[in-house]
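1. A predicted structure for the sequence below; I have some questions about it.
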Amino acid sequence: MYKRVLMPTDGSACSLAAIREGLEVAKTLGAEVTFLYVLENPTGLWMAPESGAYVQELVQDLKTAGQTALSEAEKLAKEAGVPSSGKLREGNATATIVDEAKNYDLLVMGTHGRTGLDKLLLGSVTEGVLHRTNRPVLVVRSR
């Protein structure tokens, strides 16, 4: 039934909780897992001309954080005995995850469960994916 599982991660404790749950499901089903880290381009945020010199350094730092998150996820998969791979993509997180999801049977995502002003200001990638994908999504709420 579910043989290919996509697990987006941002490296947060919430994402790691979802990965741990998702790996248990994948192991039970004999599924393979792909971890996805989406690097959102920060250049639109840096409008001042003097900040341009720092954008490349910031992008490299974000890529390093993404590789670290993927490495940690793949380490957990290896320990669980689940075949896995990692992908780092650039773009809007919600749109990129929805696009990638077309190639998978199941998505596993974490959510912080924010409400009110926090939700309004910080948004929810998981909620955006839920509204835009036709794939099943297992949502793991952060404790």
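-> Great, that's in hand. Residues are numbered from 1 along each chain as shown.
2. next structured bit after the one helix or strand in the chain whose mean pLDDT sits lowest?
-> Scoring the helices and strands of the chain by mean pLDDT, DSSP states H and E places helix 116-122 at the bottom, with a mean of 47. For helix 116-122, the following helix or strand on the C-terminal side (DSSP states H and E) is helix 125-132.
3. Buried residues of that following helix, list them for me.
-> Buried residues in helix 125-132, defined by neighbour count with 16 or more other C-beta atoms under 10 Å: V125, T126, G128, V129, L130. Every C-beta, even on glycine, is put in place using the N, C-alpha and C of the backbone.
4. can you list the weak-confidence ranges in the chain?
-> 42-53, 113-123, 143 (pLDDT under 70).
5. Mind doing that once more with 50?
-> By pLDDT under 50, the weakly predicted segments of the chain are 117-122.
6. And the strands in it?
-> Applying DSSP state E to the chain gives strands spanning 4-8, 32-39, 84-90, 106-111, 137-141.
7. which other residues reach stretch 91-98?
-> 6, 8, 36, 38-41, 89-90, 107, 109, 125, 128-129, 132-133 (C-beta atoms under 8 Å, 6 or more residues apart in numbering).
8. can you pick the most crowded of those residues?
-> Compared across these, P8 has the highest neighbour count, 29 neighbours, by other C-beta atoms under 10 Å.
9. wait, it sits on Y104?
-> No: contact criterion C-beta atoms under 8 Å: P8 and Y104 do not qualify, at 10.6 Å.
10. Quick one: list the elements packing against the lengthiest helix in the chain.
-> For the chain, the longest helix by residue count, based on DSSP state H, is helix 52-80. Judged by 3 or more C-beta pairs under 8 Å, 6 or more residues apart in numbering; DSSP states H and E, helix 52-80 is in contact with helix 13-29, strand 32-39, strand 84-90.
11. The longest one: which residues count as buried?
-> Judged by neighbour count (16+ other C-beta under 10 Å), helix 13-29 contains these buried residues: C14, S15, L16, A17, A18, I19, E21, G22, L23, V25, A26.
12. about what we covered before: would you mind giving the strands of the chain as CSV with distance to L70 added?
-> Below are the strands of the chain laid out as CSV (distance: least, C-beta to C-beta, whole Å):
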stretch, distance to L70
strand 4-8, 10
strand 32-39, 5
strand 84-90, 4
strand 106-111, 15
strand 137-141, 18
